[in-house]
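Trainee: Just need the structure, nothing else, for what follows:
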Amino acid sequence: MVRLAALALAFTSFLAGSQIYAAPANEIAARQIGNLQCNLDRLSIVAGLAATQGTLKKLTTALANDTDAADGIKSVKDSVSGAQGAIGVIGKALITGQKAPAEARDQVQGNLTAAHDALSGINSTDTNVASTLAKALTQLTNAQLAGDGVVNNCK
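Mentor: You can find the predicted model right below:
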């Protein structure tokens with residue numbers, strides 16, 4: 001009887017302890033999964049950066065003869081790729097149930113800012129190119145807004 005009581009006490013203690021230690025994991029899991037707005041923002045930043053890369057590809061071709069503009073577009077593409085890579089790191093952390101690294105969030109923000117600054121500095125007198133530049137800037141700005149939404153809504 002004493003053994004049964006001791007076993008019951010040990011089992012009850014184990015369950016109570018696991019509930020105490022499980023709380024942070026549950027909170028992390030809830031934050032990692034996110035609510036509907038959080039996931040829409042995540043999808044929007046990924047899709048927005050993919051669309052921006054497509055537009056930048058068109059600009060690379062259109063500005064091939066303008067070395068300064070072509071260098072600027074390369075810088076923008078590199079920054080967008082850097083942001084996408086950092087988002088990939090965050091995504092892997094979410095999938096494996098780990099906390100997203102703060103450094104990766106900082107890399108996303110820094111790369112998006114660098115891409116925006118570089119893209120804002122490129123001009124063209126060709127109306128078609130100017131229109132495509134404006135489209136790329138709008139896409140990038142929308143991706144940045146989605147990124148802000150991830151920061152604000154995925155808590």
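Trainee: all helices for the protein, in order.
Mentor: 2-33, 36-62, 67-95, 102-120, 127-153 (DSSP state H).
Trainee: per-residue confidence for residue 53?
Mentor: pLDDT recorded at residue 53 is 97.
Trainee: before we move on, what about residue 99?
Mentor: So, for residue 99, pLDDT stands at 87.
Trainee: my read: it touches residue 93, true?
Mentor: Yes - Residue 99 is within contact range of residue 93, at 6.6 Å (criterion: C-beta atoms under 8 Å). The way it works is simple: take the backbone N, C-alpha and C, and place the C-beta from them, glycine included.
Trainee: Between the two, point out the one with more neighbours.
Mentor: Per other C-beta atoms under 10 Å, whichever of residue 99 and residue 93 has more neighbours is residue 93, with 15 against 11.
Trainee: how many neighbours does residue 50 have?
Mentor: 13.
Trainee: cool, and residue 59?
Mentor: 23.
Trainee: any idea how far residue 59 is from residue 118?
Mentor: 12 Å (C-beta to C-beta, to the nearest Å).
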